[in-house]
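# Below are the sequence and a predicted model; questions follow.
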Amino acid sequence: MRLKMLRKQKNISQLKLALDLNTNQNTISRYETGEREPGLKELIKIADYFGVSTDYLLERTDNPKMNV
């Protein structure tokens, strides 16, 4: 998952992201290390937060744009 890359590109800490997504820093850390995977609702929240498609977030495409 591209979460860590997107977070670092925006210069956002794990804590800030966690607060913005209404979760905790440990959860974000586990998503980034692959120890845990986000559920569908969380995945959509993360994609919306960064303005990318879920397919881009999940590395299924290299096109970050959302198809509307």
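Structure received. Numbering: from 1, shown residues only.
# Excluding chain neighbours, what is closest to Asp55?
Thr61 (4.6 Å; C-beta to C-beta, 6 or more residues apart in numbering). To be clear about C-beta, it is placed using only N, CA and C from the backbone, and glycine gets the same treatment.
# Distance of the one you found relative to Lys45?
According to C-beta to C-beta, to the nearest Å, Thr61 and Lys45 sit 19 Å apart.
# Tell me if I'm right that Met1 and Glu59 touch.
Yes - here Met1 reaches Glu59: they are 6.8 Å apart, a contact under C-beta atoms under 8 Å.
# Tyr57 reaches Met5, doesn't it?
Let me fix one detail, which is that residue 57 is Leu and not Tyr. No - assessed by C-beta under 8 Å, Leu57 is found out of contact with Met5, at 10.0 Å.
# Would you mind telling me which of these two has the busier surroundings?
Ranked by neighbour count (other C-beta atoms under 10 Å), Leu57 and Met5 place Leu57 first, with 22 against 13.
# need the contact list for that one.
Leu57 makes contact with Met1, Arg2, Leu3, Leu6, Leu43, Ile46, Ala47, Phe50, according to C-beta atoms under 8 Å, 6 or more residues apart in numbering.
# about what we covered before: may I have the secondary structure class of the residue nearest to Asp55?
Here Thr61 is coil, with the state taken from DSSP: H, G, I helix; E, B strand; the rest coil.
# tell me, how many neighbours does it end up with?
14.
# mind showing which ranges of this structure have poor pLDDT?
Judged against pLDDT under 70, the low-scoring parts of the chain cover residues 67-68.
# Tell me where the longest helix sits in it.
helix 40-50 (DSSP state H).
# how about the CA coordinates for whichever helix or strand comes after that helix, as PDB?
For helix 40-50, the succeeding helix or strand toward the C-terminus, using DSSP states H and E, is helix 54-57. Output of helix 54-57 as PDB, limited to C-alpha atoms (Å, rounded to 0.1, in the frame of the first residue of the first chain):
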ATOM      1  CA  THR A  54      -8.300   3.200  -3.900                       C
ATOM      2  CA  ASP A  55      -6.700   1.300  -6.800                       C
ATOM      3  CA  TYR A  56      -3.700   3.700  -6.700                       C
ATOM      4  CA  LEU A  57      -3.500   3.300  -2.900                       C
END
